[in-house]
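*Asks:* From the sequence below, what's the structure:
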Amino acid sequence: MEGTDTRASALAETRIEQVMGTLIVTCAPDTPLREAAEMMARHRIHSVVVFHGAEAEPGRPWGIVSDLDVVAAGLAGSEKRPAGEAAASPVVTIRSDDTLERAAQLMVEYASPHLIAVDPEHGRPAGILSSLDIARVVARRP
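*Replies:* Here you go, the predicted model:
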């Protein structure tokens, strides 16, 4: 049981900004899913943030397209479908100085494997936290 307690305390003590990815790749809602998939593959990431309008506007994320959304589109033969139609929305955000424990709670509550971490001072996107980032902390040996 000691290992479990140590891992739980690691989630409570680790800040999102310590483990989040800081590369935020964005697209417009009308971007085809095939292009979103190309972005994910090129940057080796699991999600693309969809923003309002033709250009990304800091602080106004609309949705997140995940690798699983792309897989589903590929299976259905609908990779030309716009990213905005496939994006999970509304976006779940969390302050980058919050804990992984709180992030894990939000991921479970909203069934969302990706959260946008926002800068606590300005409220602008600072990074993406994925369930894999939390899994890495859980997997560490005490």
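
*Asks:* Select the helix or strand of the chain having the lowest average pLDDT value.
*Replies:* In the chain, no helix or strand scores lower on mean pLDDT, DSSP states H and E than helix 2-13, which sits at a mean of 71.

*Asks:* In this structure Ala37 contacts Glu79, no?
*Replies:* Yes: using Cβ atoms under 8 Å, Ala37 is in contact with Glu79, at 6.8 Å. Backbone N, C-alpha and C define where each C-beta goes, glycine included.

*Asks:* overlap in contacts of these two?
*Replies:* 70, 73 (Cβ atoms under 8 Å, 6 or more residues apart in numbering).

*Asks:* Compare these two (neighbour count), which wins?
*Replies:* Between Ala37 and Glu79, Ala37 has the larger neighbour count (other Cβ atoms under 10 Å), namely 20 against 17.

*Asks:* May I have whatever helix or strand that one lives in as CSV, with CA atoms only?
*Replies:* Secondary structure from DSSP states H and E places Ala37 in helix 33-43. Only the C-alpha atoms of helix 33-43 are listed here, as CSV (Å, rounded to 0.1, in the frame of the first residue of the first chain):
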residue,chain,number,x,y,z
LEU,A,33,-9.3,15.9,-40.3
ARG,A,34,-6.7,14.5,-42.7
GLU,A,35,-4.7,17.8,-42.2
ALA,A,36,-5.1,17.6,-38.4
ALA,A,37,-3.8,14.0,-38.6
GLU,A,38,-0.8,15.2,-40.6
MET,A,39,-0.1,17.9,-37.9
MET,A,40,-0.2,15.2,-35.2
ALA,A,41,2.1,12.9,-37.0
ARG,A,42,4.6,15.7,-37.9
HIS,A,43,4.8,16.9,-34.3
